[in-house]
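K.L.:
model the structure of this input:
(chains A, B and C)
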Amino acid sequence: MSATAETKKGRQPPPFLSYLTKIGKTLGSIAVTMIGLLFVTFVIGRVMPIDPVIAVLGERATKETYDATYIAMGLDKPYIVQFFYYLWDVIQGDFGPSRLTARPVEDDIARVFPATLELATLGTLIGVIIGVPLGVLAAVKRGTLFDQIARVVALIGYSMPIFWLGLVGLLIFYGILGWVGGPGRVGIFYVDLVPTVTGMILVDSILDGQWDVFWNAVSHIILPASLLGYYSLAYISRMTRSFMLEQMSAEYITTARVKGMSEWAVIWRHAFGNIKVQLITVIALSYAGLLEGSVLTEIIFSWPGIGSYITTALLSADMNAVLGGTVVVGLVFVCLNIFSDLLYKFFDPRAQ
Amino acid sequence: MIKLSRRRLLAAGLVAAMAIAPASVPNAARAETPSDMLVIANRIDDITTLDPAESFEFAGSDVSRNVYGKLVNFDPLNMDKGYQPDLAASWDVSEDGKTITFTMRDGVKFHSGNPVTAEDAEFSLRRAVLLKKTPSFILTQFGFNADNVEETIKAEGNKLSITTDKKYATSFVLNCLTATIGGIVDKKTVMANEKDGDMGNEWLKTNSAGSGAYKVVSWKPNDSVTLQANNDFYKGAPAMKRVIVRHVQESATQRLLLEKGDIDVARNLNPEDVAGAGSKKGVAIDSELRGRLMYISLNQKHPVLSKPKVIEAIRYLADYKGMQDSFLKGQYTIHQAFLPRTYLGEIDDKPYSLNIEKAKSLLKEAGVSGLEIEVGVREAQERIEIAQSLQNTFGQVGIKLNITVGTAKQILTRYRARELDMYMGAWGPDYPDPQTNAGTFAYNPDNSDEAKATGLLAYRNAWNPGAMNQAVEAAVIEPDRDVRRKMYEDIQREHQRVSPFIVMFQKIEQTGRRDNVKNLTLGGAITAVSYWPVTK
Amino acid sequence: MTAVGIPEPDKQGWREWLLTEAPTSRRHARAASLYQGWLTLKSNKLTMIGVGILVFLFLVALFAPFLAPHDPFAQELGYRLQPLWTDGHLLGTDSLGRDILSRLIYGSRITLYIVLMVALIAPIAGLFVGTVAGYVGGWADTILMRITDIFLAFPRLVLALAFVAALGAGIENAVLAIALTAWPPYARIARAETLSIRKSDYISAVKLQGAGPLRIITKHIWPLCISSLIVRVTLDMAGIILAAAGLGFLGLGAQPPSPEWGAMISEGRKFLLDYWWIATVPGLAIFTVSLAFNLLGDGLRDVLDPKDGGEL
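P.N.:
Predicted structure coming up:
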């Protein structure tokens, strides 16, 4: 499990105090991780062989313009000073302006992250809804044809280059069959029709009661989400299968069977009940993976998410944007990690 | 193991559900876009600002041209006529040729409703000089600077006068004013949004305050630009009430959208997709010659690449025709001089073609063998293909060409620092006057490392043009159009022979459009796209 | 199949010797358990398909110059984008008129190179960090695991991209970049294993015999961690190949004219709608090899580590 919730065993302080220490420790380790993350990103930004001033000004800047910008960007100061200036601003919630989009990084993230969140959530849902039953069945029917097919289906999801699958999917389902909407988050007539509340069009359109926008957004998201879903399905179903196998060979299962319990109850109530916690960890991890933004999927589906935001920024040395994006993704990862740790502690008596 | 037919059913159901799920989604496919809306797919990730004093890239110029009026401008439906009156109804040139006085057009209003006055024009040009953003050199080359703008750019009544430091060809000055930086902004609106003395720069980056045919509704980076028609446009309300430019990276994706009728125009189709989409019903393809040149250049700091015979040999080592007729088909045409066709002084001489034997003997004369050089190329499919073709032909004479691919900014950083042996890339003119390219391909007054004239291509390749410097300086102040044309022709013929630049191709932009879209012009080699004449 | 070269019984006795219930030496025991593992592995058809594909890949890479019908770099601009089953170009030609089959064959070498290099670097780095953290404990553990956490929390692609962007595009740097993003999970696994072994009687016994920490880690803890790492690595192979392909897609992987499969897809995607095979052929190649590694990994998991939940 995660080291973020590591505790020393042995001493027994009063319960509430130990909780406080635990919370303190957790927060402390988040802070250390985040600062470390920022520091590494900052260093990367400095060693990149891209002149950040050129990145801002383009290739035709005169020397005068160049020098003025160099100083305006604070590049004349030592690195370590630049880093602490930056850190201080971030602590105050100011990520600085993005050089590429000409607006504050936090605004950009508020725009691109919901797009990724929407896609990743739906993808994970698809992965869970199909992947978990698939994994359970494969375990129950271990060694049968079903198991083998499930294995190959899952492995295909694991092994297919997503940019190839994405283009072919678009060609077939959008180009030829016309079953789904094309690239982008909504059709062109539906752009800007609903007020932005969460930034997730599926949610915003429901909040606003605009069902045609909702359905149009669904038709656009279904293909990329299915692709991401397929990928997480592969992972989730394999994990589910192996957790289930472990449970199915346990003694209590045999006992339950001997007691005449129905097979359904044995599988779902007993065996599955016991793998829930492990499963949540796996799902959280796969969710976190999707939340960092699948750049390739985003490029092919013209999906303005955080993956392509960070990538574009990185390739143009727009370091404020890269740092901001990295912090957000890192924070999401750490939080999901802690969340699954907590669940683990909560559900699993052995861990207490 | 265990027989569970119920589970099997469940599994079958799931698979079936997966297969039919998309079919049950309504609204998935819609037929064409509304008749008063123009939807365009383009790569717009190069837009970093909408401020005309700062905007410099292609997609940004496309927005700016439709939003900001200029003193003089091009008529999209008659580009050959050259610059025409726009916000200035007429102009006079003083006897010494240094001062141009514009008389402003009456009755034109900004989107805000404020009238367009000489004071706005004065503010806009001064502002561009004072802000010192990247494109400011287009104005400052006439001697304007922060200290003298009060005198050199002056409004009086409905007249604006600008005074240059030397006598330049009037066409040169006016051509420069048609560039994006010549856009006239609404002084009142802009100054109302000023912050920390930035003359509204921060605000104008994402908003607009112009008098053109359209106003900006929104610019979402890497996503879309939405424009709304200005019904009070002085040339008449545009037919397209809304123009939406969507960022679509991949050519294949743009093609699918176009074929389905979800967009009206696709601007980044590659040759194969042009051929594919062009054969579909309802799709038409336009070809328009643009100003961008594809060239290779050799770093003159390199001991071998600086030998004239070696440079000449390399001119014979590009498979111009093979590339033009294969992977560049329809999108680039062979061109071997630094002024794009349609520019004053253009020449159409094509003295070089692939000739392995000739190159071999030239290299032999130069005593060169076993040469290994690095070429920097930015990450773009067609450029990588050109580089690989060069690698192939270079290899046939024993030159090993190592290709370094990087992002645009990365390669540029090394190019500007004079670190690349060889560069393969594109150059687009900044304003529609021959000086724009002459002043960079053939001009480099101080070649020392300390000069840091990194904006000049000749400098980046450490090339000293020698007497050509004076020729370029003379051409830019020559008032007689025909004499001036002749001067540029001569410079180019010399340049074509002695410079370390090997210009290979000029860009042809192929646009896929729905065949009901009429009168869309991309701006040729001299300006950007115009949406206001478009009808459907 | 002789798992280990030990000069003891003759041919007839091999099977019996390997299947013995009472091993006579440590070597004997190890050989016997390896053999039994192999038998289990062999009984799984899918796994054997995977092994077969990998052996085939290895042979193709080894004999590429003899198998390839053309020079993989030879261009012929007048003969580009030829369809499948063209005379002389079984899988057609690409945008520059190069033979796709030959490029595919030579590309297998690059794929193998990537896979082997990452498979060497990342798990060993992870093993080292994880076991040291787990065994030494205390502040060393805290610092090492905090670093691991930072790298884990890093968006993988940003890290890989940044690394490649900083050091320059190219296959070696792509390998290093992927390894850099791949090691933290291995460190986690190795640490968890170490923690569970550290307190065991077995290690205490070794300690009593006077073994130093270095010896304990390298001789006693590492061997025990290896099986779960091998399983994990094999399952990650597909991800590694795809990551390299993804970097190639973004132009940061192998440099032209290298016939790296990911780069080939990336070049061919431009023509996907009309000339689908140009991207699809290398796509299928990547898919087949990834699938093979996954099948092998899945089988290995059943053999080496039946209870492994594949945590992290």
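
K.L.:
how about the helices in chain C?
P.N.:
For chain C, the helices defined by DSSP state H cover C:11-18, C:26-43, C:45-62, C:64-67, C:100-136, C:138-153, C:156-167, C:171-198, C:201-208, C:213-215, C:222-249, C:261-268, C:277-304.

K.L.:
right, so of these, which gets closest to B:Leu339?
P.N.:
Closest approach to B:Leu339 among the helices of chain C is made by helix C:261-268 (33.0 Å; Cβ to Cβ). Placement of C-beta: from N, CA and C, glycine included.

K.L.:
what's the angle between the closest one and helix C:277-304?
P.N.:
Here helix C:261-268 runs at an angle of 150 degrees relative to helix C:277-304 (axes from the mean of the first three to the mean of the last three Cα atoms, to 10 degrees).

K.L.:
outside of helix C:261-268, which residues touch it?
P.N.:
Helix C:261-268 is touched from outside by A:161, A:163-164, B:381, C:94-95, C:100, C:103-104, C:107, C:110-111, C:241-242, C:244-249, C:251, C:253-254, C:256, C:275, C:278-283, C:285-286, with contacts defined as Cβ atoms under 8 Å, 6 or more residues apart in numbering or on different chains.

K.L.:
so which of the helices of chain C has the densest surroundings on average?
P.N.:
Most buried of those, by mean neighbour count (mean count of other Cβ atoms under 10 Å in any protein chain shown): helix C:261-268, with a mean of 27.

K.L.:
with only the CA atoms kept, save it in PDB.
P.N.:
Taking C-alpha atoms only, helix C:261-268 is exported to PDB below (Å, rounded to 0.1, in the frame of the first residue of the first chain):
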ATOM      1  CA  TRP C 261       7.200   0.300 -35.400                       C
ATOM      2  CA  GLY C 262       5.600   3.100 -33.500                       C
ATOM      3  CA  ALA C 263       7.200   5.600 -35.900                       C
ATOM      4  CA  MET C 264       5.900   3.600 -38.800                       C
ATOM      5  CA  ILE C 265       2.400   3.800 -37.500                       C
ATOM      6  CA  SER C 266       2.800   7.500 -36.900                       C
ATOM      7  CA  GLU C 267       4.000   8.000 -40.500                       C
ATOM      8  CA  GLY C 268       1.200   5.800 -41.800                       C
END
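
K.L.:
can you pull the contacts of the closest residue to chain C within the stretch 151-300 of chain A?
P.N.:
Chain C sits closest to A:Ser159 of the stretch 151-300 of chain A, with a gap of 3.3 Å, by Cβ to the nearest Cβ. For A:Ser159, the contacting residues are C:Ala238, C:Leu242, C:Ile286, C:Phe287, C:Ser290, C:Leu291, C:Asn294, by Cβ under 8 Å, 6+ apart.

K.L.:
in this structure the third one contacts C:Ile241, no?
P.N.:
Yes: checked against Cβ atoms under 8 Å, the pair C:Ile286 and C:Ile241 is within contact range at 5.8 Å.

K.L.:
against chain C, how distant is B:Ile244?
P.N.:
24 Å (Cβ to the nearest Cβ, to the nearest Å).

K.L.:
run through the bridge partners of that residue.
P.N.:
Beta bridges link B:Ile244 to B:Val39, B:Thr226, judged by DSSP bridges.

K.L.:
now B:Leu204: phi and psi?
P.N.:
Main-chain dihedrals, B:Leu204, degrees, to the nearest 10: phi -70, psi -20.

K.L.:
can you list the residues of the stretch 101-250 of chain C near chain B?
P.N.:
C:Ala165, C:Gly168, C:Ala169, C:Leu250 (Cβ under 8 Å from any Cβ of the partner chain).

K.L.:
can you say which of those are buried?
P.N.:
Neighbour-count burial (16 or more other Cβ atoms under 10 Å in any protein chain shown) applied to these gives C:Ala165, C:Ala169, C:Leu250.

K.L.:
tell me the secondary structure for B:Tyr431?
P.N.:
Taken by DSSP: H, G, I helix; E, B strand; the rest coil, the conformation at B:Tyr431 corresponds to coil.

K.L.:
that one: what's its closest spatial neighbour, skipping adjacent residues?
P.N.:
Closest residue in space to B:Tyr431, ignoring its immediate chain neighbours: B:Ala179 at 4.1 Å, by Cβ to Cβ, 6 or more residues apart in numbering or on different chains.

K.L.:
extract the C-alpha set from the lowest-mean-pLDDT helix or strand in chain C and format it as PDB.
P.N.:
Using mean pLDDT, DSSP states H and E, the weakest-scoring helix or strand in chain C turns out to be helix C:11-18, at a mean of 72. Extracted in PDB, the C-alpha atoms of helix C:11-18 (Å, rounded to 0.1, in the frame of the first residue of the first chain):
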ATOM      1  CA  LYS C  11      19.300 -38.400 -20.700                       C
ATOM      2  CA  GLN C  12      16.900 -41.100 -19.500                       C
ATOM      3  CA  GLY C  13      17.300 -40.000 -15.900                       C
ATOM      4  CA  TRP C  14      16.800 -36.300 -16.400                       C
ATOM      5  CA  ARG C  15      13.000 -36.300 -16.100                       C
ATOM      6  CA  GLU C  16      13.100 -38.500 -13.100                       C
ATOM      7  CA  TRP C  17      15.900 -36.500 -11.500                       C
ATOM      8  CA  LEU C  18      14.000 -33.200 -12.100                       C
END
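
K.L.:
in contact with the residue in the stretch 51-200 of chain C positioned nearest to chain B, which residues?
P.N.:
Closest residue of the stretch 51-200 of chain C to chain B, Cβ to the nearest Cβ: C:Leu77 (4.2 Å). Applying Cβ under 8 Å, 6+ apart, we find C:Leu77 in contact with B:Asp319, B:Gly322, B:Met323, B:Asp325, B:Ser326, B:Phe327, B:Ser389, C:Leu96, C:Gly97.

K.L.:
for the last one, phi and psi?
P.N.:
Note on C:Gly97: backbone dihedrals following degrees, to the nearest 10 are phi 80, psi 20.

K.L.:
how near is it to B:Val245?
P.N.:
Counting by Cβ to Cβ, to the nearest Å, the gap from C:Gly97 to B:Val245 is 36 Å.

K.L.:
how about the strands in the stretch 201-350 of chain B?
P.N.:
Using DSSP state E, counting those that start in this stretch, the strands of the stretch 201-350 of chain B run over B:214-220, B:224-229, B:242-247, B:265-266, B:283-298, B:332-334.

K.L.:
sorry, wrong one. I was asking about the stretch 251-352 of chain A.
P.N.:
With strands called from DSSP E, counting those that start in this stretch, the stretch 251-352 of chain A shows none.

K.L.:
correct me, but C:Pro185 touches C:Arg232?
P.N.:
Yes: if you go by Cβ under 8 Å, C:Pro185 and C:Arg232 touch, sitting 7.2 Å apart.
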